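Asker: dropping a prediction and its sequence here:
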Amino acid sequence: FAGAGGGNDIQWCFSQVKGAVDDDVAEADIISTVEFNHSGELLATGDKGGRVVIFQQEQENKTQSHSRGEYNVYSTFQSHEPEFDYLKSLEIEEKINKIRWLPQKNAAQFLLSTNDKTIKLWKISERDKRPEGYNLKEEDGRYRDPTTVTTLRVPVFRPMDLMVEASPRRIFANAHTYHINSISINSDYETYLSADDLRINLWHLEITDRSFNIVDIKPANMEELTEVITAAEFHPNSCSTFVYSSSKGTIRLCDMRASALCDRHSKLFEEPEDPSNRSFFSEIISSISDVKFSHSGRYMMTRDYLSVKIWDLNMENRPVETYQVHEYLRSKLCSLYENDCIFDKFECCWNGSDRQVELSSLIVMTGSYNNFFRMFDRNSKRDVTLEASRENNKPRTVLKPRKVCASGKRKKDEISVDSLDFNKKILHTAWHPKENIIAVATTNNLYIFQDKMN
Amino acid sequence: MLGKGGKRKFDEHEDGLEGKVVSPTDGPSKVSYTLQRQTIFNISLMKLYNHRPLTEPSLQKTVLINNMLRRIQEELKQEGSLRPMFVAASQPADPLSDNFREAQPAFSHLAPPPLLPADLVSTMPLESCLTPASLLEDDTFCTSPAVQHDGPTKPPPPALAAVKDSFSSALDEIEELCPAPTSAEAAAADAAAGDSKAQPGESDIHKAEGLPESRTAEPKLMDPLPGNFEITASTGFLTDLTLDDILFADIDTSMYDFDPCTSATGAASKMAPVSADELLKTLAPYSSQPVTPNQPFKMDLTELDHIMEVLVGS
């Protein structure tokens, strides 16, 4: 991915950081998912404690034209609680695995949030007025003595301090034996899919007591199980098409019109293994941790342990591009296997949908270790490594690119592979749908970076 | 040895476990490949059986680790390992086991025989199983007579026994790199250790393959860990550790000088990248020590202690 070439590279500046400052991370505060809504005005995070925190972007201040609105807490609610499976004597974690926003249809906002077993539809609504002047009740709610009522009046709505309420409108439960890893809302905005390790179910947003099983890869004999589903997503435009990825590095595209049970794929995307890179860990690092369609639906991106691949849906036998995220880790795979880091599930995301005009305008973002995250710009053919750290938190100062030294002499300002902190991993990132604003989650902090506006 | 507070500098010349990809066909580096494979095998077993989660373990992780173990077993099977107990026997009466009683295994770095499924091995001519005489001159691998074993009639022993065996077999392999005193002594050592090794390995491979004991209920594979009553026998290995093996008089305390697996709990993840390398290094010193017939047991013990440390520590 050679440098040089024109194009306006985005210059990222620190904007905000949310979350506790101390190094001692409370387990419940670990961020497990980040998602902008369709307008970008709202930014939701889910954490290991089952809570959802929604930030809202301030309306742009006309006097401060050099920065876009800041994100402030809009609503916080407990989405999932820990449960206990008595049959297996195991806890069901309340950790929020995924949040997906529905497009806004009225004044209220809706999102789906899921833990390992249960998906919930939440309605987030604002209340900024309340009725006052009841005849039978005092202002504090106590009932008046009817004998003291001598006149009648009509209650009126008066403004009040903004209150944001979250209420669960649907609970989609008991449809998954295994752990849910993905939810994806269909382009018809009426149905959505949920995927666990072995099955994918199709739901209607209005119906909670049943779902349709559309993919089932569970073998008759569980001892023959060698592959699991790792992610799934609906096509952004075609409401009968979806893809799912596997732990063996394959992606299957399925068409629901072909049959009720989409066990036979329409397309199978798989890149043959590079024999020179073969190792004991080839299979594990080929396991796909995330799959995302581009806005147009013509391309999709997959993330495996060491790389990001961009696929053209018309070409199944190999990706159109492969970006190495942290190739220097290839020689450390055994250690990373031993400390379980090799099983970390990194997500990836595209630049904002409005900006994805064509293939060349696509930018990919994904996380790495040591609180580093990477951007790959198809337009400029450049990639950059940036760091999310409180040390860089001067607003409007451009982030300095970082470099990891794989071997040999370490140059000044480079970091050697052995100094990387494998506890500081960036698994979740999100890109504003319309503007160059990104949200990057470290273990328990949420960083917001913005494009430096001139 | 590694000072706990010291920052480890990247050593360009460092090879060992993290070195370049070693293929089984490299002659001189077959040893490091075997060690690599053995270490990964051990780590995989420890991952499956050591973990005591309160929540359900990740099915993806379990499947990937199982696949790793299966792949290594397949490789060992194809190579015709000197340690036939690690060959997965899919059913008790395996024709493969008969073969290993008689034949010398072929090494994969010779002209490799075509890949044969287990059932066809019995039809393979005996000559191709014999180590060519030319190799006996060059290679330092000891061609000890095959270990006796009667077939898996013993009840499935704890998983830790397999771990112990893996280490001791790895150590045995390293032993063979050194000039063995006599082949008779080596055979004696093998035979003595063989009895305890023979049974556990096979049955434990069964366990590693995903609990074939119970073929009925479905969540077995996704739950090869406590919480599933089927496998409490195997997870009771920690209690089995109080067995008399530990009560040996003479323990080599040199193992206590370092502690490579501190990162098992993930507490010091900056040290984590070195731990697997260190694990390999712990095996390396043994190759330089003079080997006596009694030594293997001593080394087994200290390895056992070491594993205990790791398990208790995590």
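Answerer: Nice, I can see it.
Asker: do I have it right that A:Glu316 meets A:Glu271?
Answerer: No: applying C-beta atoms under 8 Å as the test, A:Glu316 and A:Glu271 come out as separate, 9.6 Å apart. Quick note: C-beta positions are derived from backbone N, CA and C, even for glycine.
Asker: the strand or helix carrying A:Lys123: which residues count as buried?
Answerer: Element membership of A:Lys123 [criterion: DSSP states H and E] is strand A:119-132. Within strand A:119-132, the residues that count as buried by 16 or more other C-beta atoms under 10 Å in any protein chain shown are A:119-122, A:124.
Asker: does anything pack onto that strand? Which helices or strands?
Answerer: strand A:71-78, strand A:109-114, strand A:156-172 (3 or more C-beta pairs under 8 Å, 6 or more residues apart in numbering or on different chains; DSSP states H and E).
Asker: what does that strand rub up against?
Answerer: If you take C-beta atoms under 8 Å, 6 or more residues apart in numbering or on different chains as the criterion, strand A:119-132 is touched by A:52, A:54, A:74-75, A:77, A:79-80, A:107-114, A:139, A:155-173, A:180, A:183, A:194, A:203, A:205.
Asker: mark which of those are buried, thanks.
Answerer: With burial judged by 16+ other C-beta under 10 Å, the buried subset of the contacts of strand A:119-132 is A:52, A:54, A:74-75, A:77, A:79-80, A:109-114, A:164, A:166, A:170, A:172, A:180, A:183, A:194, A:203, A:205.
Asker: where in the chain is pLDDT low?
Answerer: You didn't say which chain, so I picked chain A. A:1-8, A:61-67, A:358-360, A:454 (pLDDT under 70).
Asker: I was after chain B.
Answerer: In chain B (pLDDT under 70), the answer is B:1-28, B:81-300, B:314.
Asker: list the contacts for A:Leu261?
Answerer: By C-beta under 8 Å, 6+ apart, A:Leu261 lies in contact with A:213-216.
Asker: please apply the same query to A:Cys239.
Answerer: A:186-188, A:191.
Asker: let's go with 7 Å and repeat that
Answerer: Applying C-beta atoms under 7 Å, 6 or more residues apart in numbering or on different chains, we find A:Cys239 in contact with A:186-188.
Asker: most neighbours among these, which one?
Answerer: A:Asn186 (22 neighbours; other C-beta atoms under 10 Å in any protein chain shown).
Asker: that one reaches A:Phe234, doesn't it?
Answerer: Yes: assessed by C-beta atoms under 7 Å, A:Asn186 is found in contact with A:Phe234 at 4.8 Å.
Asker: residues from the stretch 201-350 of chain A in reach of chain B?
Answerer: A:222-223, A:225-226, A:228, A:230, A:247, A:278-280, A:283-284, A:287, A:331-332, A:334-335, A:337-339, A:343 (C-beta under 7 Å from any C-beta of the partner chain).
Asker: can you flag the buried ones in those residues?
Answerer: A:222-223, A:225-226, A:228, A:230, A:247, A:279-280, A:283-284, A:287, A:331-332, A:334-335, A:337-339, A:343.
Asker: restricted to helices, list the residues you listed.
Answerer: Secondary structure assignment by DSSP state H places A:283-284, A:334-335, A:337-338 of those in helices.
Asker: quick one: these as a markdown table, columns for distance to B:Leu48 too.
Answerer: Formatted as a markdown table, these follow (distance: C-beta to C-beta, whole Å):
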| residue | distance to B:Leu48 |
| --- | --- |
| A:Glu283 | 16 |
| A:Ile284 | 14 |
| A:Cys334 | 17 |
| A:Ser335 | 19 |
| A:Tyr337 | 13 |
| A:Glu338 | 13 |
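Asker: most widely separated two among the residues you listed?
Answerer: For those, the farthest-apart pair by C-beta to C-beta is A:Glu283 and A:Ser335; their separation is 17.6 Å.
Asker: quick one: the nearest residue in space to A:Gln56 that is not next to it in sequence and chain B, what's the gap?
Answerer: The shortest distance from A:Gln56 to any non-neighbouring residue, by C-beta to C-beta, 6 or more residues apart in numbering or on different chains, is to A:Tyr74 (3.7 Å). The gap separating A:Tyr74 from chain B is 31 Å, by C-beta to the nearest C-beta, to the nearest Å.
Asker: got a list of what A:Tyr74 touches?
Answerer: By C-beta under 7 Å, 6+ apart, the neighbours of A:Tyr74 are A:42, A:54-56, A:164.
Asker: then A:Asp312?
Answerer: By C-beta under 7 Å, 6+ apart, the residues touching A:Asp312 are A:298-299, A:320.
Asker: residues of the stretch 51-200 of chain B that sit close to chain A?
Answerer: B:54-56, B:59-61, B:63-64, B:67-68.
Asker: do that again at 10 Å, thanks
Answerer: For the stretch 51-200 of chain B, the residues in contact with chain A (C-beta under 10 Å from any C-beta of the partner chain) are B:51, B:53-68, B:70-72, B:75.
Asker: where does A:Val364 fall, secondary structure wise?
Answerer: Here A:Val364 is assigned to strand A:363-367, by DSSP H and E.
Asker: elements contacting that strand?
Answerer: Other elements packing on strand A:363-367 under the criterion 3 or more C-beta pairs under 10 Å, 6 or more residues apart in numbering or on different chains; DSSP states H and E are strand A:299-303, strand A:307-312, strand A:321-324, strand A:348-350, strand A:372-377, strand A:382-387, strand A:428-431, strand A:437-441.
Asker: need the winner for burial among the ones you listed.
Answerer: strand A:437-441 (a mean of 26; mean count of other C-beta atoms under 10 Å in any protein chain shown).
Asker: next SSE after that strand?
Answerer: Per DSSP H and E, strand A:437-441 leads on to strand A:446-451 as the next helix or strand towards the C-terminus.
Asker: who does that following strand pair up with?
Answerer: Strand A:446-451 sits in its sheet next to strand A:12-18 (antiparallel), strand A:437-441 (antiparallel), going by DSSP bridges.
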